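>>> Return atomic coordinates for the entry below.
(one chain, ligands or ions: 2)
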Amino acid sequence: MLFGKGQIASITAEIPASAKILVTYGGGSIKTNGVYDQVMSAVAGRQVMEFGGIEPNPRLETLMKAVELVRNEGIDFLLAVGGGSVIDGTKFIAAAVPFTGDPWDILAKTAPVKDALPLGVVLTIPATGSEMNTFSVVTKWETKDKLAFSSPLVYPRFSVLDPETTFSLPQKQIANGIVDAFTHVMEQYLTYPAHAPLQDRMAESILKTLIEIGPKTLADPKDYDARAIFMWCATMALNGLIGVGVPQDWSTHDIGHELTALHGLDHAQTLAIVLPSTMSVRRSSKWQKLLQYAERVWGIVDGTEEERVNEAIASTRNFFESVGVRTRLSDYGIGRETIPIIVERLEKRRQVALGEQQDVNPQVVEEILQLCG
Ligand code: NZQ
Ligand code: ZN
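Ligands and ions are numbered 1, 2, ... in the order given. Got it, this is the predicted structure:
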């Protein structure tokens, strides 16, 4: 991790001198905020090609064009410059290039990744943690399937985290990042007690820091220190550390991905909608952790257990709303007719036993979505 102001220049030493590099990026934000120029001057004199236009929620159809380019040009190092979408897309390209057969099988049929090109990252939006993990989420636009894969072979060789690259982010994307990072912690923390007090306290620290720093970094986008703290929170939320040895949920993400695939909602918007309802519907199996979360994260100690749990859920929803991410399907003009469609799509893909206890079956998914109204 190359963290701090001006660190983009250090990538020169991280990429082999003989490498044929492909710089990948999104819709062009890096061209207007100076990041593109910094990257290009760091790789000046090297063999460099570029591939732009990777969309938010990266599409297979676009990424396959990059795969073809890499194969034709003999590119052997990928440099992703952007947010989770560009990084995830680049991880897919890295795995797809040497793959024999249809690379979509890596996601659709969990075909094993046996080889991948090396990749580096220059992160421009704190949110997903993709800069320090093995995950990638890609959408097949043709069928609107949004699926994930994971492989240690696509773990970035290095990642630059320069908080200044995020100064140009619209408020909406900062808010999204706060909600995404918060929910990543919750997916790994809000399950059941598992004799993991250290992981619990680390998770609680990230949540509390996000609650403290989120509004601050929204209020003053050029506050370097606040942005730096937020950036590190988002990385720590999904780099594997707090998830070691503990049960994990991820059903909020699984359901949320359907809302993005079907309705084009931002990833974090889907989480803000689904998480509070998940907490409510599945309260009995999460009871002990809900009480712990209420006390340690929100300082809720008064009232009956039920009152404390309700207050913790309401505090979570209010926090998301307070940073500007709405938490109801109706806020996005989505009606209840989407519910049976989502349930059916998950069933078709045999995603019928989600959550830390595999008890989030189609009926529970429906109940959760009904409450999202
Ligand atoms: O495309 P450009 O022009 O760069 O604009 C982007 C995009 O429109 C813009 N942006 C990024 N950095 C900027 C900037 N605008 C101004 N200044 C900057 N510095 O922000 C928009 C959103 O970018 P995107 O990369 O889509 O956001 P995010 O980082 O939230 O990534 C979301 C994707 O990651 C997946 C999500 O499902 C979604 O597809 N996830 C990946 C995970 C992982 N790999 O571990 C886990 C997550 O749970 C998540 O599922
Ligand atoms: Zn997420």
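>>> Double-check that Ser159 belongs to a strand.
Yes: the assignment for Ser159 by DSSP: H, G, I helix; E, B strand; the rest coil puts it in a strand.
>>> and the most centrally placed residue in the chain, what is it in contact with?
Nearest residue to the geometric centre of the chain (C-alpha atoms, centre = their mean): Thr128, 2.8 Å. Taking C-beta atoms under 8 Å, 6 or more residues apart in numbering as the criterion, Thr128 is in contact with 83-84, 87-88, 180, 234, 238, 267. In short, each C-beta sits where N, CA and C put it, glycine included.
>>> rerun at 6 Å
Thr128 sits next to Gly84 when contact means C-beta atoms under 6 Å, 6 or more residues apart in numbering.
>>> now do the one 5 residues further on
With contact set as C-beta under 6 Å, 6+ apart, Asn133 has these partners: 238-239.
>>> And the pLDDT for it?
Looking at Asn133, its pLDDT stands at 98.
>>> any idea how far ligand 1 is from it?
For Asn133, the distance to ligand 1 equals 5 Å [C-beta to the nearest ligand atom, to the nearest Å].
>>> any idea how far Met40 is from that residue?
Distance of Asn133 to Met40, given as C-beta to C-beta, to the nearest Å: 27 Å.
>>> likewise Tyr224?
Separation of Tyr224 from Met40 (C-beta to C-beta) stands at 24 Å.
>>> ok, back up a step: ok, now how distant is the residue nearest to the centre of the chain from Val137?
Thr128 sits 8 Å away from Val137, going by C-beta to C-beta.
>>> Please identify the buried residues of the longest helix seen in the chain?
In the chain, ranked by residue count with DSSP state H as the criterion, the top helix is helix 197-219. Going by neighbour count (16 or more other C-beta atoms under 10 Å), the buried part of helix 197-219 is 199-200, 202-207, 209-211, 213-215, 217-218.
>>> what subset of the residues you listed is also close to ligand 1?
With C-beta under 6 Å from any ligand atom as the criterion, the buried residues of helix 197-219 include none near ligand 1.
>>> tell me the contacts of the closest residue to ligand 1 within the stretch 251-373 of the chain?
The stretch 251-373 of the chain approaches ligand 1 most closely through His267 (3.9 Å), counting by C-beta to the nearest ligand atom. His267 sits next to Thr260 when contact means C-beta under 6 Å, 6+ apart.
>>> Look up phi and psi at it.
Note on His267: backbone dihedrals following degrees, to the nearest 10 are phi -50, psi -50.
>>> In terms of secondary structure, what does the helix or strand that the longest helix of the chain is followed by contact?
Reading on from helix 197-219 to the C-terminus, the next helix or strand found by DSSP states H and E is helix 224-237. Where contact means 3 or more C-beta pairs under 6 Å, 6 or more residues apart in numbering; DSSP states H and E, helix 224-237 is packed against helix 171-189, helix 197-219.
>>> What lies in contact with the last one?
Contacts of helix 197-219 from elsewhere in the structure, counted by C-beta under 6 Å, 6+ apart, are 174, 178, 182, 185, 189, 226-227, 229-230, 233, 236-237, 242, 246, 296-297, 323.
>>> about what we covered before: would you turn the helices and strands packed on helix 224-237 into CSV with mean pLDDT?
Supplementary listing: these in CSV, determined by pLDDT from 0 to 100:
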stretch, mean pLDDT
helix 171-189, 98
helix 197-219, 98
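>>> and those helices as JSON lines, adding distance to Asp254?
Output for the helices and strands packed on helix 224-237, formatted as JSON lines (distance: least, C-beta to C-beta, whole Å):
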{"stretch": "helix 171-189", "distance to Asp254": "10"}
{"stretch": "helix 197-219", "distance to Asp254": "20"}
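>>> Up against ligand 1, what does this structure have?
Counting by C-beta under 6 Å from any ligand atom, the chain sits next to ligand 1 at 26-30, 33, 56-57, 82-86, 88, 124-125, 127-130, 133, 135-137, 165-166, 168-169, 173, 176, 180, 238, 253, 267.
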